[in-house]
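>>> Provided below are the primary sequence and the corresponding predicted coordinates.
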Amino acid sequence: MQVFGLVGNPVGHSLSPPMHEAAYDALGIDARYVTFEPGVDDIERAVDGAAALGIAGLNVTIPFKQHVLDLVEPDPLAARIGAVNTVDFSTDRPKGYNTDAAGVTRSFAHHDVPLDGRDAVVVGAGGAGRAVAFALADAGCAVHVANRTVETAEELAGSVEGATAGGLETLDRVGEADVLVNATSVGMEEDASPVPTEHLHADLAVLDAVYTPIETRLLREASAAGATTIDGAWMLLFQGVEAFERWTDRDAPVEAMNEALRARL
């Protein structure tokens with residue numbers, strides 16, 4: 001039996017176990033997905049221990065995505081983003097990937113939203129914002145990063161080819177954009193939107209990385225404006241799909257994984 005899992009602190013809220021175990025069941029794979037919660041200073045020992053125990057792969061979440069970067073051989077995209085969320089132990093030196101980026105592009109593709117040549121606005125320049133910005137730029141978007149702290153937005157934009165940056169006052173650019181992604185936590189704890197309603201329009205495709213609640217105020221208002229809306233569970237799903245496919249070299253049973261995920265939301 002193969003063992004895969006998630007390392008983070010905390011991890012009790014994670015929806016990854018049912019999603020991945022649904023995939024194993026659907027394809028008849030003898031595997032289990034478990035969670036690990038090491039102390040915040042113990043991630044190096046945790047990764048070494050996982051390798052020693054023969055664990056096949058790990059997902060990585062807060063607060064360890066940046067720390068793990070130095071413990072594995074990151075692929076070029078993970079190195080550029082500066083964070084690893086998936087580790088493959090099948091080689092002598094564990095390999096690290098960032099599947100959050102694929103979670104973004106595959107979510108848009110699933111909803112038939114083209115990205116090449118489009119103008120995109122990313123709200124937020126933290127860990128999620130970094131993955132989103134690189135993903136969209138690599139897919140051919142012209143990316144603008146809007147963030148409360150302008151210096152952080154400018155730092156991110158400086159590492160993403162062709163990107164621009166500004167404070168939240170630059171959200172008026174959404175009015176002329178094709179793609180909008182909320183990569184902040186706004187809308188998770190309160191019924192609030194990071195983007196003023198007047199900037200939303202029918203030619204926009206909106207992805208909100210927040211998935212609890214599944215329908216945020218941003219998505220409600222975007223839908224009312226006629227925009228294409230994509231909830232954050234799709235991004236969560238497709239980052240997991242990408243990890244599964246890297247670990248197993250098999251096409252993921254996307255429908256089974258999606259059903260298991262949404263049953264827990």
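Done, it's in.
>>> any chance you could map the strands in the stretch 101-250 of the chain?
Taking DSSP state E, counting those that start in this stretch as the criterion, the stretch 101-250 of the chain carries its strands at 119-123, 142-146, 164-166, 179-182, 205-208, 228-230.
>>> Okay, now the unreliable bits of the stretch 1-150 of the chain?
Counting by pLDDT under 70, the stretch 1-150 of the chain shows no low-confidence range.
>>> Now do the helices in the chain.
Along the chain, counting by DSSP state H, helices occupy 16-27, 43-52, 65-68, 76-81, 100-110, 127-138, 150-159, 217-224, 232-248, 254-263.
>>> wait, which of those helices is closest to residue 195?
For the helices of the chain, the distance to residue 195 is smallest for helix 217-224, at 6.1 Å, taking CB to CB. All C-beta atoms are positioned from the backbone trio N, CA, C, and that covers glycine.
>>> Now do the closest one against helix 232-248, angle only.
110 degrees (axes from the mean of the first three to the mean of the last three CA atoms, to 10 degrees).
>>> Could I get the average pLDDT for helix 217-224?
When pLDDT is averaged over helix 217-224, the result is 98.
>>> in that helix, what's buried?
When burial is assessed from 16 or more other CB atoms under 10 Å, helix 217-224 yields the following buried residues: 217, 218, 219, 220, 221, 222.
>>> can you pull the contacts of the last one?
What that stands for is residue 222. Taking CB atoms under 8 Å, 6 or more residues apart in numbering, we find residue 222 in contact with 180, 200, 204, 206, 229.
>>> one more time with 10 Å, if that's ok
If you count contacts by CB atoms under 10 Å, 6 or more residues apart in numbering, residue 222 has them with 174, 180, 182, 193, 195, 197, 199-202, 204-208, 216, 228-230.
>>> Right, I'll leave it there.
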